[in-house]
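Student: What follows is a predicted protein model with its sequence.
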Amino acid sequence: MNKAFSQKFLTSASFNEFTYSKNKHFNAFFSNDYDEELFGKAVNPSYCDLKVYQDLLVFSFIKQNILAGSKILEVGGGNSRILKYFQEDYECWNIDKLEAAGHGLIEIDTTGFRLISDYMGNFNEELPEGYFDLVFSISTLQHIPHGDIKIYNNILKDINRVLKPEGYSIHCVEHETNQLLKNEKKVWVNPIISFFFDNQKMINDFIPLEIAKKIRNYFLCRKNSIKIIGSRQLVKPSKNSENPSRIISFGRSRRINFEKICKHF
């Protein structure tokens, strides 16, 4: 059952703070009891994986920004904890081919949401155009074929196709930080993030590598002995734009004028 939030901390204006996962973000999650609400128990950051943080981030954003009754679509959601929680108060959809890519599943319980067995970017007609208030993904985009510009472009166009003009798109993407923390130049991240960033307007600022290296209080975890960190950026579209602001991205440093984009809301 959905509970009202007690403190709104995650908005378009504040999202820069959440571009990288940080330990202190758990304090915001915990202040609203979001961990107990979503997982049915208190979460200990010292013993949870990155997926828990990412779920809590998206959960918080929906609770604080997306009205009940809205239509939400998860990309590659698998057996989604987010959709299962919100299924009574939101119209929930999941597009997932269920081919076990990226340690995914081949069969799931679809009670409470509609499953489209396909990949985002295939322009599946079962996904209505201009229909969704929110499109999101959690640890999905890093599994897209590396360097395939055509696929990148199709995914970007397809997400824009199904979003309402005023809809949101938010995505959590993992990237390796062993090199980042050692102050080396190379950090692995799927180039789809750079592609999105170069081809779509953003609301929040991108934090480039040279600045990210100086950030402290990262929330890190181990996955197959590799340290990873979540990178998220959020954008909201303008209604009157040839290239509406919808997709998250991670790439070269760039600043978008928030007021200019939002004046059409």
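Tutor: Great, that's in hand.
Student: how far away is the residue nearest to Pro145 when sequence neighbours are not counted from Asn122?
Tutor: Excluding its sequence neighbours, the residue lying closest to Pro145 (C-beta to C-beta, 6 or more residues apart in numbering) is Ile151, at 5.8 Å. Where you see a C-beta, it was placed from the backbone N, CA and C, and this is true even at glycine. In this view, Ile151 and Asn122 are 10 Å apart by C-beta to C-beta, to the nearest Å.
Student: Please identify which of those two sits among more neighbours.
Tutor: Shown here are Ile151 and Asn122; by other C-beta atoms under 10 Å, Ile151 has more neighbours (18 against 15).
Student: Regarding the more buried one, what is its secondary structure?
Tutor: Following DSSP: H, G, I helix; E, B strand; the rest coil, Ile151 is assigned to helix.
Student: Quick check: phi and psi on the closest residue to Gly112 other than its chain neighbours?
Tutor: Sequence neighbours aside, Gln87 is the residue nearest to Gly112 in space, at 3.1 Å (criterion: C-beta to C-beta, 6+ apart). Main-chain dihedrals, Gln87, degrees, to the nearest 10: phi -60, psi -30.
Student: any idea which helix is longest in the protein?
Tutor: Longest helix of the chain, by residue count under DSSP state H: helix 50-65.
Student: residues of that helix that come out buried?
Tutor: Using 16 or more other C-beta atoms under 10 Å as the test for burial, helix 50-65 gives 50-65.
Student: got the buried residues for stretch 36-47?
Tutor: Going by neighbour count (16+ other C-beta under 10 Å), the buried part of stretch 36-47 is Glu37, Leu38, Phe39, Val43, Pro45.
Student: end to end, how far does that stretch reach?
Tutor: End-to-end distance of stretch 36-47 (C-alpha to C-alpha, to the nearest Å): 15 Å.
Student: And for stretch 22-36?
Tutor: End-to-end distance for stretch 22-36: 19 Å, by C-alpha to C-alpha.
Student: Residue numbering should commence at 30 henceforth.
Tutor: In the new count, where the first residue is 30, that last one comes out as stretch 51-65.
Student: can you give me the strands in this structure?
Tutor: Along the chain, the segments classed as strands by DSSP state E run 100-104, 120-124, 143-145, 161-167, 192-205, 250-252, 255-264.
Student: From the contact counts, what lies against the fourth one?
Tutor: Read that as strand 161-167. Using 3 or more C-beta pairs under 8 Å, 6 or more residues apart in numbering; DSSP states H and E, the elements in contact with strand 161-167 are helix 79-94, strand 100-104, helix 178-191, strand 192-205.
Student: what's the least confident stretch among the ones you listed?
Tutor: When those are compared on mean pLDDT, strand 192-205 scores lowest, with a mean of 86.
Student: quick check: angle from it to strand 161-167?
Tutor: Between strand 192-205 and strand 161-167, the angle comes out at 10 degrees (axes from the mean of the first three to the mean of the last three C-alpha atoms, to 10 degrees).
Student: Can you list the buried residues in strand 192-205?
Tutor: Leu192, Lys193, Gly196, Tyr197, Ser198, Ile199, His200, Cys201, Val202, Glu203, His204, Glu205.
Student: Output stretch 161-180 as PDB - backbone C-alpha positions only.
Tutor: The C-alpha atoms that make up stretch 161-180 are tabulated as PDB, following Å, rounded to 0.1, in the frame of the first residue of the first chain:
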ATOM      1  CA  PHE A 161       3.600   7.200 -20.800                       C
ATOM      2  CA  ASP A 162       4.200   9.600 -18.000                       C
ATOM      3  CA  LEU A 163       7.500   7.900 -17.100                       C
ATOM      4  CA  VAL A 164       9.900   5.600 -18.900                       C
ATOM      5  CA  PHE A 165      12.700   4.300 -16.700                       C
ATOM      6  CA  SER A 166      15.400   1.500 -16.600                       C
ATOM      7  CA  ILE A 167      17.600   0.100 -13.900                       C
ATOM      8  CA  SER A 168      20.900  -1.500 -14.800                       C
ATOM      9  CA  THR A 169      19.700  -2.100 -18.400                       C
ATOM     10  CA  LEU A 170      21.400   0.400 -20.800                       C
ATOM     11  CA  GLN A 171      24.900  -0.900 -20.100                       C
ATOM     12  CA  HIS A 172      23.900  -4.200 -21.700                       C
ATOM     13  CA  ILE A 173      23.000  -2.600 -25.100                       C
ATOM     14  CA  PRO A 174      25.400  -3.800 -27.800                       C
ATOM     15  CA  HIS A 175      28.600  -1.800 -27.500                       C
ATOM     16  CA  GLY A 176      29.100   0.900 -30.200                       C
ATOM     17  CA  ASP A 177      26.000   0.100 -32.400                       C
ATOM     18  CA  ILE A 178      24.900   3.600 -33.300                       C
ATOM     19  CA  LYS A 179      21.800   2.400 -35.100                       C
ATOM     20  CA  ILE A 180      20.500   0.600 -32.000                       C
END
